[in-house]
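# when you get a sec, could you give me coordinates for this:
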Amino acid sequence: MAFRVFRRLRDLVDVDATNIGNGKVPVYRTSSGKHEYETVTGGASAASSVTFTPAGTISSTNVQAAIEEVSGDVGSLSSVYQPLDSDLTAIAGLTSAADKGIQFTGAGTAATFDLTTAGKAILDDADAAAQRTTLGLAIGTNVQAYDAELAALAGLTSAADSAPYFTGSGTAALMTVTSAARTVLDDTTVAAMRTTLGVPAGVLLFDYEITGSDAASIDTAVDGTYATAAFATTYPMLEVFFYGRTDEATTFGSTTIILNNDTSSLYDRISVKGVNATAAASNARAAAAWTQDLAGASHAASFFSTYHLRMPNYGGTVGFKSATCDISAPDSAAASCVVASNGLLYRSTTAISRLKIAAAGAGAQKLKVGSRLIIYGR
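You can find the predicted model right below:
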């Protein structure tokens, strides 16, 4: 039987390994275009008698031995060669190049696409969080995480002269902001807002209330958290409010107002006082303090009197200091109702930076708990 001698193992890649057996040799058939096994007459002994010149990777010297040598290798061809596959064939038909990726364009068809440095930086990230970081979209660092309040604001339609405000949890609406309102909103301080609104400026300089036990006086240089050796003198006017009562055993006790801790004979006062329905005038000159009436211990229980003193140009140093002081001491008993208006003069050109109100009746009198002094710079 004539057969074509094979020289390399790869000549037999189309052999059906299931037909390998003793006394069979691979024969190439032109009709099928591949190798097939045919039985050699005489079996294995006949095949072994046919000499074979070793060639390629085959070392045997007769056909039978060569067949047996090849049979062991043919079974392992699957680990050397890839079975025919249309997808792999499509990929094999591509032309590789730098920065190209592979994609399927259909069943058994493929193509390449451009793969940029930026694209590869995404593809090598291990998870979505890493990809967001690569893109500069890290939640909480580069972009805002979803928030119901932000979603509510995003749902509004912006318009001229409008501002958003929240109407509830996760809900918002627009309000009109007029040009007048904006002139207040753009002010950086409360004082600036008052100026815009035309409201006289006022700054709290002192506020102290007697608590715990009665006290002889309230002094802006000594008492409370506002205590200072000299309060500000930069405002046009000093406004003083005093709410008090003394422990003096009389219907109306006596108190003094002392400026700058000065007890020189520089204080003048003229007063018009009405007790119930009767008014009378009095004056005091060159006194060591301004003396003012105040509800005493014999006044109806829980009744306190009030002062309201105004002194313009208190921080000035030209001219004497002039002030007005109104006093009100109502009572359930008609005879104990007092209203007084006082004109006050302090014959000094020194700026006023300290004020003291003290109980001034006979003996060691005190201001009662609840008495309070409030001072503003206006």
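# list the contacts of the residue nearest to L123 when sequence neighbours are not counted.
Excluding the flanking residues, the one nearest L123 by C-beta to C-beta, 6 or more residues apart in numbering is L115, at 7.9 Å. Any C-beta I mention is one placed from the backbone N, CA and C, and that applies to glycine too. Going by C-beta atoms under 8 Å, 6 or more residues apart in numbering, L115 touches D99, K100, G101, L123.
# which of those fall within strands?
Among the contacts of L115, the members falling in strands (DSSP state E) are K100, G101.
# and the contacts of L115, which is closest to E248?
Distances from E248 to those, taken as C-beta to C-beta, are shortest for L123 (93.5 Å).
# count of neighbours near that closest one?
Applying other C-beta atoms under 10 Å, we find 10 residues neighbouring L123.
# export stretch 131-138 to CSV, keeping only CA atoms.
Presented in CSV, the C-alpha positions along stretch 131-138 are these (Å, rounded to 0.1, in the frame of the first residue of the first chain):
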residue,chain,number,x,y,z
GLN,A,131,-13.0,54.8,39.0
ARG,A,132,-14.8,57.8,40.5
THR,A,133,-11.5,58.9,42.1
THR,A,134,-9.6,58.6,38.8
LEU,A,135,-12.3,60.7,37.1
GLY,A,136,-12.2,63.3,39.9
LEU,A,137,-15.7,62.5,41.0
ALA,A,138,-15.1,61.1,44.5
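# what residues sit buried inside that stretch?
Buried residues in stretch 131-138, counted by 16 or more other C-beta atoms under 10 Å: Q131, R132.
# chain center to that stretch: distance?
Stretch 131-138 has its C-alpha centroid displaced from the chain centroid by 22 Å (C-alpha atoms, centre = their mean, to the nearest Å).
# cool, stretch 92-112 as well?
For stretch 92-112, the distance to the chain centre is 50 Å (C-alpha atoms, centre = their mean).
# again with stretch 304-319
In terms of C-alpha atoms, centre = their mean, the gap separating the centre of stretch 304-319 from the centre of its chain is 46 Å.
# stretch 115-132 too?
Worked out by C-alpha atoms, centre = their mean, stretch 115-132 lies 31 Å from the chain centre.
# what do you get for stretch 219-233?
Distance, centroid of stretch 219-233 to centroid of chain: 38 Å (C-alpha atoms, centre = their mean).
# mind listing the helices for the protein?
Remark: helices assigned in the chain by DSSP state H are 43-48, 63-74, 86-92, 117-123, 128-134, 148-154, 179-185, 190-197.
# which of the ones you listed is buried the deepest?
Comparing the helices of the chain by mean neighbour count (mean count of other C-beta atoms under 10 Å), helix 63-74 comes out on top with a mean of 19.
# tabulate the helices of the chain (JSON lines), appending mean pLDDT and distance to T317.
Output for those, formatted as JSON lines (pLDDT from 0 to 100; distance: least, C-beta to C-beta, whole Å):
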{"stretch": "helix 43-48", "mean pLDDT": "58", "distance to T317": "137"}
{"stretch": "helix 63-74", "mean pLDDT": "64", "distance to T317": "119"}
{"stretch": "helix 86-92", "mean pLDDT": "90", "distance to T317": "99"}
{"stretch": "helix 117-123", "mean pLDDT": "90", "distance to T317": "75"}
{"stretch": "helix 128-134", "mean pLDDT": "90", "distance to T317": "68"}
{"stretch": "helix 148-154", "mean pLDDT": "92", "distance to T317": "56"}
{"stretch": "helix 179-185", "mean pLDDT": "92", "distance to T317": "35"}
{"stretch": "helix 190-197", "mean pLDDT": "82", "distance to T317": "24"}
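# could you dump those into a markdown table with distance to S213 added?
Formatted as a markdown table, the helices of the chain follow (distance: least, C-beta to C-beta, whole Å):
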| stretch | distance to S213 |
| --- | --- |
| helix 43-48 | 130 |
| helix 63-74 | 115 |
| helix 86-92 | 99 |
| helix 117-123 | 77 |
| helix 128-134 | 67 |
| helix 148-154 | 52 |
| helix 179-185 | 45 |
| helix 190-197 | 36 |
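# out of these, nearest to L345?
L345 lies closest, by C-beta to C-beta, to one member of the helices of the chain: helix 190-197, at 30.5 Å.
# just how off-centre is that closest one within its chain?
The answer for helix 190-197 is 28 Å, by C-alpha atoms, centre = their mean.
# low pLDDT regions in the stretch 1-150 of the chain?
1-58, 63-64, 66-81 (pLDDT under 70).
# how close does the closest residue to I374 other than its chain neighbours sit to D326?
Spatial nearest neighbour of I374, excluding adjacent residues (C-beta to C-beta, 6+ apart): F241 at 4.4 Å. As for F241, its distance to D326 is 11 Å (criterion: C-beta to C-beta, to the nearest Å).
# who touches both of these two?
Y307, H308.
# bridged to I218, which residues?
Beta-bridge partners for I218, by DSSP bridges, are I357.
# mind checking pLDDT for it?
If you check I218, the pLDDT there is 97.
# list the residues that contact it.
Each residue near I218 by C-beta under 8 Å, 6+ apart is listed here: Y208, I210, K356, I357, A358, L367, S371, R372, L373.
# where does the spatially closest residue to A173 that is not a sequence neighbour land on pLDDT?
Spatially, and ignoring its direct neighbours in sequence, A173 is nearest to T167 (5.0 Å; C-beta to C-beta, 6+ apart). T167 carries a pLDDT value of 94.
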